[in-house]
Each structure stands twice: as structure tokens, then as C-alpha cells.
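>>> What follows is a predicted structure for the sequence shown.
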Amino acid sequence: MAKMFLKASAESMGGLKVKATANDHEIILDEPESDGGTNQGMNPMEALLSALGACKCIVAQAYAKMHKINLKSIRIDFEGEFDPSGYLGKDPNAKIGYSKIIEHFHIEADNTEEEINKFIEFVSNTCPVNDTLVNPATFEHTLHLNK
């Protein structure tokens, strides 16, 4: 199968508010007022957790029947451990991003706990967002100066 190239863009709307666009859809990202934003959207760290959750829910829904999981509902709650002193430059030893992500799966299915745990492992190993976090992509950049 040929490689796919997905595209997205993020554009400042003034202050800390950002419009993110992909595939004719958009979301607003922002920071809380306490951090200098206008609180008109989730912050990027929350959006990352949300993207991870959405991806895992989609993978679970797409593969449940193939794995003989009678999935009636799925919700995943996340907690991301984050020390802002790294990002803010206050502690050079603090990690800038999440140091730990805790997942809480809420699943309704007519399967054993062992079957569901095995399926959760499959979902995590098949989720592209999870893979990108566990095995980071390489980065390149180009610069386009607007004068």
C-alpha cells in the first residue's frame, strides 16, 4: 500500500488562540485565562490526550467484531502528568512534555476481563497516535518568510 500524507495547519488568531485545520474541519485551541489565554478551546496538551483517546476508540470500534469483542460502549479517560516548570524554563531538569499518561478504560462488552485486556493491548499497539507517541516520528522543517 502506498504511503499516505496527511496534512494539517495551525494559525494564530491573536493572543494564544489558535485555529487548527485539517480536511475541511477546524478546532480552536487556546489556553486558560489563568495562563494568558481566552479559554475558548482546550489547550494543545489536552488536545493531544483527546486525539489519543479518539484514535483508540476508533480502533476499538473498527476491530471489535474481528476480535470477537461484543463492544457496546467505550470511553477512555486520560490523566497526563506534566510539570510546567520545564516548559516555562524554571527547571532545566524537568521534562517539557508529559512524563506519564494514565489511561482509564470504561468498556461495556459481553467478554471476560482477560479477553478485554488482550483487546486493549491490541488497540494500543494498533493505534497510530499511540505509536507516534511511543515511537516518535522524525521531524523536518522548512521556513517561509512573509514580508
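Nice, thanks for sending it over. Residues are numbered from 1 along each chain as shown.
>>> going forward, measure contacts and count neighbours with C-alpha atoms only.
OK.
>>> Report the contact partners of Phe82.
Contact partners of Phe82, counting by C-alpha atoms under 8 Å, 6 or more residues apart in numbering, are Lys95, Ile96, Gly97, Tyr98, Ser99, Lys100.
>>> is it possible to export these to JSON lines including distance to Val134 and pLDDT?
Output for the contacts of Phe82, formatted as JSON lines (distance: C-alpha to C-alpha, whole Å; pLDDT from 0 to 100):
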{"residue": "Lys95", "distance to Val134": "16", "pLDDT": "95"}
{"residue": "Ile96", "distance to Val134": "16", "pLDDT": "95"}
{"residue": "Gly97", "distance to Val134": "13", "pLDDT": "95"}
{"residue": "Tyr98", "distance to Val134": "12", "pLDDT": "96"}
{"residue": "Ser99", "distance to Val134": "12", "pLDDT": "96"}
{"residue": "Lys100", "distance to Val134": "11", "pLDDT": "97"}
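>>> The chain: strands as residue ranges?
9-12, 18-22, 25-29, 71-82, 98-109 (DSSP state E).
>>> What are the buried residues along the lengthiest helix in the chain?
Determined from DSSP state H, the single longest helix within the chain is helix 44-63. Neighbour-count burial for helix 44-63 flags Leu49, Ser50, Leu52, Gly53, Ala54, Cys55, Lys56, Cys57, Val59, Ala60, Gln61, Tyr63 (criterion: 16 or more other C-alpha atoms under 10 Å).
>>> again with stretch 71-90
Buried-residue list, stretch 71-90, by 16+ other C-alpha under 10 Å: Leu71, Ile76, Phe78, Gly80, Phe82.
>>> before we move on, the earlier item: need the max-distance pair from the buried residues of helix 44-63.
Leu49 and Tyr63 (21.2 Å; C-alpha to C-alpha).
>>> lowest average confidence, helix or strand, in this protein?
helix 84-87 (a mean of 91; mean pLDDT, DSSP states H and E).
>>> Give me the distance from it to the chain's centre.
20 Å (C-alpha atoms, centre = their mean, to the nearest Å).
>>> Can you show me the CA trace of it as CSV?
Below are the C-alpha coordinates for helix 84-87, written out as CSV (Å, rounded to 0.1, in the frame of the first residue of the first chain):
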residue,chain,number,x,y,z
PRO,A,84,5.0,23.2,33.7
SER,A,85,8.3,24.3,35.2
GLY,A,86,10.1,22.6,32.3
TYR,A,87,8.1,24.4,29.6
